[in-house]
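A.B. asks: Fold the following, please.
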Amino acid sequence: MSKTRQVAGGGRAVEVPPDRLEGWFDRFSMRNDGIRNTLLRPDEAVVTGGNGTTATAIIPFPPLRTVGNFNGLLVDPLIRHTQVPRQIGLLMVRLGGHSVGMSRNGRVLLSRTDRHQVHGRSAAGGWSQKRFARRREGQVRDALRAAADDAYEVLVPRVSEMDAVVVGGDRAALDELRRDVRLAPLFAIADPRILDIPEPRRTVLDEAAERAIAVEIILQDG
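C.D. replies: Numbers count the residues shown, from 1 in each chain. Next up, the predicted model:
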């Protein structure tokens, strides 16, 4: 699994699974004239290459317990942190569907997925457009209500078993779910990141379970 994207302000971000972190940083060292230093903070680990290129690892499920500024490469605390077994709630929502579940060590243990019909916006004018808009609004409400109901039935009863919740999908749809008081226990332990995902399917949930425990590393040239 490898997810790479461009980031604002320059540079790129890559998602690295926990079992590949050691090899990834070894290759980073070889490509960038060795390692000057490693700065470990509760929420990030910044590794600076000999040529000034930096690799900033965002700590999943912070805080990182070992902090400090160290000469050379020191990512063992980060690797140990990522390898702690965690049970994670997954909440993936877009207007066309949702998929919820719980995973452990990147594997889905239980899930529920549903699809919804939500028409796109109409470019027509007059009363036809207004009727279309009302119908679409009703479809959106029904879709979000179904997503909230499934999250409540599948995830909320198991929230005491979870170390965290990882969400993904459409930010506006997730904001609507945050307003549902029934789901407050889930969002109280939600990780701040939002996974960018396609229309939720069970296969998308499987991928989200792997990405939930991966480490996002932001690369910026020196």
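
A.B. asks: list the contacts for the residue nearest the centre of the chain?
C.D. replies: Among the residues of the chain, the one closest to the centroid is residue 195, at 3.6 Å (CA atoms, centre = their mean). Applying CB atoms under 8 Å, 6 or more residues apart in numbering to residue 195 gives the contacts 92, 166-169, 208, 211-212. C-betas here are computed from N, CA, C, even on glycine.

A.B. asks: How confident is the prediction for it, by pLDDT?
C.D. replies: Note on residue 195: pLDDT of 94.

A.B. asks: same question, residue 97
C.D. replies: Reported pLDDT for residue 97: 89.

A.B. asks: Cross-check the contact I'm expecting between it and residue 200.
C.D. replies: Yes - with contact defined as CB atoms under 8 Å, residue 97 counts as touching residue 200 (4.8 Å).

A.B. asks: joint contacts of those two?
C.D. replies: Counting by CB under 8 Å, 6+ apart, the residues touching both residue 97 and residue 200 are residue 113.

A.B. asks: If you count surrounding residues, which of those two has more?
C.D. replies: Per other CB atoms under 10 Å, whichever of residue 97 and residue 200 has more neighbours is residue 200, with 26 against 22.

A.B. asks: Could you find the closest non-adjacent residue to the more buried one?
C.D. replies: Among residues not flanking residue 200 along the chain, residue 99 sits closest, at 3.8 Å (CB to CB, 6 or more residues apart in numbering).
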